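Q: Next input, structure requested:
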Amino acid sequence: MKKYGERLDESTVRFERLLPGPIERVWQYLTEGDKRAQWLAGGRTELSVDGLVELEFQNGTLSPLPDDPPPQKYCGLPEKMSYTGRVLKCEAPYQLSHTWQSDDEYSVVEYQLSEQDDKVLLILTHRRLSDEDELLGVSGGWHTHLDILHDVLIGRTPQPFWRTHTALEAEYKDRYRID
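A: Residues are numbered from 1 along each chain as shown. Below you'll find the model as predicted:
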């Protein structure tokens with residue numbers, strides 16, 4: 001299992017995580033707004049093709065531990081951020097893909113789940129990232145959010161989002177050899 005995400009091409013990253021099962025539980029944390037809000041973003045997901053996906057982020061609230069403020073790069077963003085998308089594919093509890101709208105651009109996120117004994121392998125792929133800056137932010141973000149998901153599923157207190165994300169974004173910059 002790879003600890004870090006991997007850059008598949010100039011606009012795609014992929015992550016793998018082995019999570020505690022059962023698969024139906026992990027699916028709930030991907031698709032139910034109240035559960036997804038504990039590790040990523042709240043909001044509803046309509047589980048049918050062309051269904052609405054709402055992502056309501058409050059990254060500073062994902063851990064009860066004290067957090068540093070967002071780094072300079074993100075300090076101008078509102079504390080609460082919302083994105084929408086549309087479901088492209090839904091095969092419960094094994095696969096979900098949806099668009100992720102940001103301004104006039106959209107990217108595509110795909111979650112694939114498979115059972116591995118009493119664990120669940122999650123493969124997350126994020127495609128159509130617009131540039132290297134977005135690739136770095138998304139890589140640090142998904143890595144941090146997926147670590148928080150693992151912590152939530154095992155009942156451990158997650159690390160603060162911004163402090164963790166800032167360190168990981170710097171690591172991805174080195175790993176991807178981006179200036």
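Q: so where is this structure shaky, pLDDT-wise?
A: Under the criterion pLDDT under 70, the flagged ranges of the chain are 103.
Q: Which parts of it are helices?
A: With helices called from DSSP state H, the chain shows them at 23-31, 33-36, 132-154, 161-175.
Q: count of neighbours near His145?
A: 23 (other C-beta atoms under 10 Å). C-beta here means a position set from N, CA and C on the backbone, and glycine is covered the same way.
Q: ok, it - contacts?
A: Going by C-beta atoms under 8 Å, 6 or more residues apart in numbering, His145 touches Trp39, Leu40, Leu62.
Q: beta partners for the closest residue to Lys119 other than its chain neighbours?
A: The shortest distance from Lys119 to any non-neighbouring residue, by C-beta to C-beta, 6 or more residues apart in numbering, is to Leu18 (5.0 Å). In this entry, Leu18 is beta-bridged to Leu121, by DSSP bridges.
Q: how far away is Thr157 from Lys35?
A: 17 Å (C-beta to C-beta, to the nearest Å).
Q: which of those two has more neighbours?
A: Lys35 (19 against 11).
Q: residue contacts, the closest residue to the more buried one other than its chain neighbours?
A: Residue nearest to Lys35 in three dimensions, not counting chain neighbours: Tyr29, with 4.6 Å by C-beta to C-beta, 6+ apart. If you count contacts by C-beta under 8 Å, 6+ apart, Tyr29 has them with Lys35, Arg36, Gln38, Trp39, Leu149, Val152, Leu153.
Q: my read: the fourth one touches Ile154, true?
A: No: checked against C-beta atoms under 8 Å, the pair Trp39 and Ile154 is beyond contact range at 11.9 Å.
Q: Please identify which of the two sits among more neighbours.
A: Each of Trp39 and Ile154 has its neighbours counted (other C-beta under 10 Å); Trp39 has more, 21 against 9.
Q: In space, what's closest to that one - neighbours in sequence excluded?
A: Closest to Trp39 by C-beta to C-beta, 6+ apart is Leu149, at 4.0 Å.
Q: Quickly note the distance from the most centrally placed residue in the chain to Thr45.
A: What sits nearest the mean C-alpha location of the chain, by C-alpha atoms, centre = their mean, is Trp142, with 3.9 Å. Using C-beta to C-beta, one gets 17 Å for the distance from Trp142 to Thr45.
Q: which residues pair with Val108 across the strands?
A: Here Val108, judged by DSSP bridges, has bridge partners Thr99, Arg127.
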